[in-house]
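Visitor: next input, structure requested:
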Amino acid sequence: MTVEIAPSVLAADPLQLGDAVRAVQAGGARRVQIDVMDGRFVPNITMGPETVAAVRGVTDMLIEVHLMIVEPEKFVPVFADAGADLIIVHQEVSPHIYRTLEQIHDLGKSAGVAINPGTPAGTLSEVLHLADLILVMTVSPGFGGQTFIESTLPKLRELRQELDRRGLAALLEVDGGINLQTASVAAAAGARVLVAGTSVYGAPEGVTRAIHGLKNAAEQGIAASVRE
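Guide: Residues are numbered from 1 along each chain as shown. Below is the predicted model of the structure:
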């Protein structure tokens, strides 16, 4: 069963961003994630639409933009114009999440919805059919290099079961603390896209071996879960 690794450029050297994006594409990645933080929803400030446009200029990979910002609906058009293929918004700051996901689709983009570790899976029940991707945060968002929160695994399993029960095609993604061990357990719990920052860009063996290692670990986790 196929698992995709989505390198997060948050962990890349910002002075070598173009080279960092090219490196993961050459290493086998088919998608890349750009984390946008506003210092309000999360305690950090990071990239904006200019970064998305710059990345778009050096790759044909799928670009997913993770908006960790308040009032994301005000900025969706800007990031769509900048070249995002998939725009992810948070349930916690989107009181009209149904409308926001439709807004993303109306702009010709794929729509994702994210939930934090403390947010129940059931809050997404009414919009699962609108989402192309569901992102479960496995750390508290805001900074890279955090430790995977194992108590998010039952939530992953719940969402995997619900998507399968309803016959929905949305991808299930995890973000936070992904390494060889957690890639295996997250995939076994149902994740099919794994966002990895430090474990890719900080890997001593290089990004290509890191991507393949994470992918193999995840697929082995799925195979083990099927045998159980």
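Visitor: quick one: the strands in this structure?
Guide: Ranges of strands within the chain are 4-7, 31-37, 62-68, 86-90, 110-115, 133-137, 171-175, 193-196, based on DSSP state E.
Visitor: model confidence over the longest helix belonging to the chain, on average?
Guide: The longest helix of the chain (DSSP state H) is helix 207-227. Mean pLDDT, helix 207-227: 93.
Visitor: one more: stretch 6-15?
Guide: The model assigns stretch 6-15 a mean pLDDT of 96.
Visitor: now do it: everything it contacts.
Guide: 17, 20-21, 24, 29, 31-35, 46-47, 51, 55, 64, 144-145, 173, 175, 193-198, 200-202, 207, 211 (CB atoms under 8 Å, 6 or more residues apart in numbering). All C-beta atoms are positioned from the backbone trio N, CA, C, and that covers glycine.
Visitor: just the buried ones from those residues, in PyMOL syntax?
Guide: To isolate the buried members of those in PyMOL, using 16 or more other CB atoms under 10 Å:
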select buried, resi 17+20+21+24+29+31+32+33+34+35+46+47+51+55+64+144+173+175+193+194+195+196+197+198+200+201+207+211
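Visitor: any weak-confidence spans in the chain?
Guide: 1, 228 (pLDDT under 70).
Visitor: burial measure for the nearest residue to residue 202 once chain neighbours are set aside, as a count.
Guide: Counting by CB to CB, 6 or more residues apart in numbering, residue 11 is the residue found nearest to residue 202 once chain neighbours are left out, at 6.3 Å. Residue 11 has 17 neighbours, counted by other CB atoms under 10 Å.
Visitor: before we move on, what about residue 157?
Guide: Residue 157, neighbours per other CB under 10 Å, totals 16.
Visitor: is it correct that it is in contact with residue 187?
Guide: No: at 11.6 Å, residue 157 does not count as touching residue 187 under the criterion of CB atoms under 8 Å.
Visitor: so which residues of the protein form helices?
Guide: Going by DSSP H, the chain shows helices at 17-26, 49-56, 76-82, 97-106, 153-165, 180-188, 198-201, 207-227.
Visitor: residues touching the fifth one, excluding its own?
Guide: Contacting residues not belonging to helix 153-165 are listed as 115, 120-121, 124-125, 128, 134, 136, 170, 172, 174, 185-186, 189-191 [CB under 8 Å, 6+ apart].
Visitor: with the first one instead?
Guide: In this structure, residues lying in contact with helix 17-26 by CB under 8 Å, 6+ apart are 7, 9, 12-13, 32, 51, 54-55, 58-59, 61, 200-201, 207-208, 211.
Visitor: rerun at 10 Å
Guide: Contact with helix 17-26 is made by 5-9, 11-14, 16, 29-32, 34, 47, 51, 54-61, 63, 196, 200-201, 206-208, 210-211, as judged by CB atoms under 10 Å, 6 or more residues apart in numbering.
Visitor: give me the angle between that helix and helix 207-227.
Guide: 40 degrees (axes from the mean of the first three to the mean of the last three CA atoms, to 10 degrees).
Visitor: just the fifth one next, same as before
Guide: Angular relation of helix 153-165 and helix 207-227 on a 0 to 180 degree scale: 70 degrees, by the same axes, to 10 degrees.
Visitor: wait, doesn't residue 224 sit right on residue 189?
Guide: No: assessed by CB atoms under 10 Å, residue 224 is found out of contact with residue 189, at 11.6 Å.
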